[in-house]
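Trainee: Everything below, folded, please.
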Amino acid sequence: MEEINNDNKRKFITETKDIAATNPYCDWDNVSWGRGITFYRYSKQNSKKKDKEELSYDFCELVKSYIFRFHLANPNKAQEVIKAFRLIEIALLKSCGVADITKLTHVILDEAILEAYLRFIPATVKKIYKDIRKINDFLCKKGIINSHVSTWYFKLDKGNDNETKVNESGDNDKNQKLPDLRVIEFMGKVFRSKHKSPRDIFTTSIFALLLCTPSRISEVMNLNEDCLIKVKDSNGEDKHGLRFFAVKGFGYSIKWVPDCMVSVAKEAISRLRILGTNAKATSDIISSGEAYLYKALDKKPFDIMTVSDLKKLGFDYSLSSLSKECSAFIKKMSKSEVSVKSFWNYLIKKDLNKINRGKENSFYTKGKLVVISHNQLNVIKGNDIFICVKGTKNFMKSEFLSNVKERLGYLNIFERHKRKNINNDLLKFNSHQSRHLLNTLAQRTTLSEIEIAFWSGRKNIEHNSNYNHVTDDEMIAMSRKLLMSEENDSTIVPDTPTSPIISKQFVYKSMKALREKVKDLDGQAKLDMIESLIAFRNNLEDKLNEGLLE
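Mentor: Numbering: from 1, shown residues only. Presented below is the predicted three-dimensional model:
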């Protein structure tokens, strides 16, 4: 049986390597496939590259085959799956002394999960468990391991995922989804400061756009360069909005920016455009084609390319910290050693270095607002202005991870500015918190549920309640405000009598109107509102009985 398992393993690896040989962008024998896909063992944090060990050869061949077949197009998922394989290798070495995947058993898989608990928080272990289950099912179906191993199951500890909570001090789970107001104050100070690094400009500009409209981080990263629009409303006043492609089925829409945030949105967009100057120039040249390059410079293929030609094409690297390779190429250009044709070939070659299933970086960055040059946000490696990269949520996410320490000269934004809270813990933020905040603020206004859903790019208005974090005390205060309102809003509260003393009849009519409003709510929100109204009504009745009201 063991021989059959080994034959099936070798067959799977051989077939995959034959397919990979036809892919010019896959360097099979390299320990790193780019985009974060590496085949190293787990090592000590911050260990140097020369100290890292590769996975065992036969085991690594299987891992590469699995990644090539299923996750090559998705580097983030590939990294997660390799994490699961690394744990399996550790368990195999502990139990068998050799990383032979055909020897996988229930006990060894259990050991892999226990090893995961030693290294990661419960929420991460849960993800690893799912990946190991999928790997195990695949190996059983391929006959690489014994079929009975497919019955493997591990009862995960429920654990306490406090490590993943954003505001651990919150007494209410709803409030944990809202941002710490100190974070907003801190980011505002950095946004307004004069001396900012490229990473500060990038982070604070994205943060500002998240506060302008209730958006998902991926939606902001996918904004087009001409996303900001201006139209006149029925009163002839200018209204500004951002053209979004809302995910989760909502599609294209315009999210209107409140008047008080228009200047912030304009400034953030302007900064992102300036930050992406060189990346945009590279993207435009490659996307427009070789003929466009010759036409733009009014030169022939083998004419000399000069530094002034770079400026003519839109490049501006005067304030950039260039990489060594980039500096060397520009130096060659200044010595008249580069033709226009060789410059074009140089751009194409570098664009293909970061290929993703046959589509170059320039394919994704064309016309986008959030584009940067390769390593532009890295203060150590230097900026390569001839490679354009589309912004992703990972750029933003890493800026707020509390466990990010100095690594290749990189600190998160709080560490860079040495701002800590009163408990000496780093401030925390999750990009989705701003969406919850704006939705909660919208709930405190007179916007309807449909308007809030549309503004948020939400297809189902019933999901509004998931983003509504108005507290019970606030609901009571809102009820009191409605009851005591002096505005003539007959749809909510009848007109108040001219007398300063409120009558029982007025209270009765007011409560009836509010009960009608409650009918539009559903689920727990409805029950909470009713409970608040009953408490307030009882309070009013007590005052009536005491003679304080007429």
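Trainee: shaky segments in the stretch 301-450 of the chain?
Mentor: Counting by pLDDT under 70, the stretch 301-450 of the chain shows low-confidence ranges at 319, 353-359, 402-410, 419-427, 443-449.
Trainee: now the helices for it?
Mentor: 307-312, 324-334, 340-352, 361-365, 393-397, 413-416, 433-443, 449-456 (DSSP state H, counting those that start in this stretch).
Trainee: which residues of the stretch 51-200 of the chain fall in helices?
Mentor: With helices called from DSSP H, counting those that start in this stretch, the stretch 51-200 of the chain shows them at 57-70, 75-96, 106-119, 122-141, 181-192, 198-212.
Trainee: Quickly compare those helices and say which is most buried.
Mentor: helix 198-212 (a mean of 23; mean count of other C-beta atoms under 10 Å). Where you see a C-beta, it was placed from the backbone N, CA and C, and this is true even at glycine.
Trainee: heading toward the C-terminus, what's the first helix or strand past it?
Mentor: Note on helix 198-212: by DSSP states H and E, the next helix or strand toward the C-terminus is helix 217-221.
Trainee: Dump the helices of the stretch 301-450 of the chain to CSV, plus mean neighbour count.
Mentor: Formatted as CSV, the helices of the stretch 301-450 of the chain follow (neighbours: other C-beta atoms under 10 Å):
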stretch, mean neighbour count
helix 307-312, 15
helix 324-334, 15
helix 340-352, 17
helix 361-365, 21
helix 393-397, 16
helix 413-416, 20
helix 433-443, 21
helix 449-456, 18
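Trainee: Out of those, flag the one nearest residue 246.
Mentor: Closest approach to residue 246 among the helices of the stretch 301-450 of the chain (C-beta to C-beta): helix 449-456, 8.1 Å.
Trainee: For residue 267, which of the helices of the stretch 301-450 of the chain is the nearest?
Mentor: helix 433-443 (17.0 Å).
Trainee: tally of neighbours for residue 214?
Mentor: 24 (other C-beta atoms under 10 Å).
Trainee: Identify the residues contacting residue 341.
Mentor: 301, 302 (C-beta atoms under 8 Å, 6 or more residues apart in numbering).
Trainee: Next, find the distance separating it from residue 293.
Mentor: Between residue 341 and residue 293 the computed distance is 9 Å (C-beta to C-beta, to the nearest Å).
Trainee: same deal with residue 110?
Mentor: Note on residue 110: its distance to residue 293, by C-beta to C-beta, is 59 Å.
Trainee: do the same with residue 37
Mentor: With distances taken as C-beta to C-beta, residue 37 is found 32 Å from residue 293.
Trainee: same thing with residue 120?
Mentor: From residue 120 to residue 293 the distance is 49 Å (C-beta to C-beta).
Trainee: ok, back up a step: residue 323 is nearest to which of the helices of the stretch 51-200 of the chain?
Mentor: Using C-beta to C-beta, the helices of the stretch 51-200 of the chain put helix 198-212 closest to residue 323, at 13.7 Å.
Trainee: now what about that closest one, what contacts it?
Mentor: 184, 187, 190-191, 193, 196, 215, 217, 220-221, 223, 242, 257-258, 261, 264-265, 267-269, 271-272, 275, 370, 372, 376-377, 379, 391, 395-396, 399, 413, 416, 431, 434-435, 437-438.
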